[in-house]
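Peer 1: would you be able to build a 3D model of this:
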Amino acid sequence: MTTNNSANVNSTNKQPAKKVTPYLAVFDLDETLIAADSASLWSAFLVEKGVAPSTLLQEEQELMEAYAKGQMDMDDYMQATLKPMIGMDNTAITALVSEFIVQHIKPALYQDAIERIEWHKRRGDTILVISATGEHLVKPIAHLLGADDAIAINLEQVDGKFTGKTTGTLCYQYGKVIRMKAWLDQQDTAFKGSYGYSDSINDLPLLDAVDRPFAVNPDPALALHAQMNEWTIMDWRHDNNILR
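Peer 2: So this is what the prediction gives:
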């Protein structure tokens, strides 16, 4: 993804030094920035609030088992987990998400993730969160973390109400790369290079697409791949007092 050659930045000729463009730091969300899966927590929250039936939890668990193996059909997952939101408007969903973030997301944040984001921000890097979770959750969580932008699964609305359907390319596996490239095409900045962080083998296409991949608390398949390719493996710890 490196878009320009920095070798001439310290050139000894008399030309003015070129402005150094920032790096792009791309973070997966679930099990990377937080010690949980936000979509699973959301499903449990909706059941707790009486918005979704308890049967959703068993269905969601079975789908997540397939996800861990890299075999989940994301269309099936989104159809199942978005069903409770059908007919609800932005105001209702926003209120639920705000309560959800306070109760379940803030306590799940990795301290090391917060510190890594701050490290990038001190350098002037651009922070992008990219997740295979609905935009109704990803965007406010990314805002909480101080990210510059977020890419997530887009949700369809008709007449201001959620239909339970998705739109566009699903932000999952290689779909993340497609969505990230489309996002890059819309940016005014030509990034000097890119960092990528994820825990999951599902994000192997994304990590292959960045200049500097990091495996964060990786699952066994990603850990093996990282070791074979001499990628940095990071062990991030959870502190449930973060941002309370």
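Peer 1: contacting residues for the closest residue to Y174 other than its chain neighbours?
Peer 2: Of all residues beyond its chain neighbours, the one nearest Y174 is P205 (4.4 Å), with distances taken as CB to CB, 6 or more residues apart in numbering. Every C-beta, even on glycine, is put in place using the N, C-alpha and C of the backbone. Contacts here follow CB atoms under 8 Å, 6 or more residues apart in numbering; on that basis P205 touches 173-174, 176-177.
Peer 1: quick one: what helix or strand has P205 in it?
Peer 2: Applying DSSP states H and E as the criterion places P205 in helix 204-209.
Peer 1: send me that helix as CSV with only the CA atoms.
Peer 2: Written as CSV, here are the backbone C-alpha positions of helix 204-209 (Å, rounded to 0.1, in the frame of the first residue of the first chain):
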residue,chain,number,x,y,z
LEU,A,204,-5.6,-12.6,6.5
PRO,A,205,-6.4,-10.8,3.2
LEU,A,206,-6.5,-7.4,5.1
LEU,A,207,-3.1,-8.1,6.8
ASP,A,208,-1.6,-9.2,3.5
ALA,A,209,-2.7,-5.9,2.0
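Peer 1: what about stretch 152-167, how long is it end to end?
Peer 2: Across its full length, stretch 152-167 reaches 11 Å end to end, with CA to CA, to the nearest Å as the criterion.
Peer 1: so what touches it?
Peer 2: For stretch 152-167, the external contacting residues (CB under 8 Å, 6+ apart) are 74-75, 78-79, 82-83, 85-90, 93, 130-139, 168, 170-172.
Peer 1: could you list which of these belong to helices?
Peer 2: For those, the ones inside helices are 74-75, 78-79, 82, 90, 93, 135-139, with DSSP state H as the criterion.
Peer 1: helices and strands of the chain: which one has the lowest mean pLDDT?
Peer 2: Scoring the helices and strands of the chain by mean pLDDT, DSSP states H and E places helix 55-68 at the bottom, with a mean of 84.
Peer 1: pull out the buried residues from stretch 89-108.
Peer 2: Of all the residues in stretch 89-108, those buried under the rule 16 or more other CB atoms under 10 Å are 93, 96-97, 100-101, 104-108.
Peer 1: so which of those residues belong to helices?
Peer 2: Under the assignment DSSP H, the buried residues of stretch 89-108 contribute 93, 96-97, 100 to helices.
Peer 1: pick the one among those residues closest to T21.
Peer 2: Minimum distance to T21 across those is 33.6 Å, recorded for V97 (CB to CB).
Peer 1: who's in contact with the closest one?
Peer 2: Residues 136-137, 140 are the ones in contact with V97 under the rule CB under 8 Å, 6+ apart.
Peer 1: again, 6 Å this time
Peer 2: Going by CB atoms under 6 Å, 6 or more residues apart in numbering, V97 touches P140.
Peer 1: L41 should be in a helix, yeah?
Peer 2: Yes: the assignment for L41 (DSSP: H, G, I helix; E, B strand; the rest coil) places it in a helix.
Peer 1: which residues touch it?
Peer 2: Counting by CB under 6 Å, 6+ apart, L41 makes contact with H104.
Peer 1: quick check: it vs P218, distance?
Peer 2: Using CB to CB, to the nearest Å, one gets 21 Å for the distance from L41 to P218.
Peer 1: any buried residues in stretch 152-159, and which?
Peer 2: Buried residues in stretch 152-159, counting neighbours by 16+ other CB under 10 Å, are found at 152-155.
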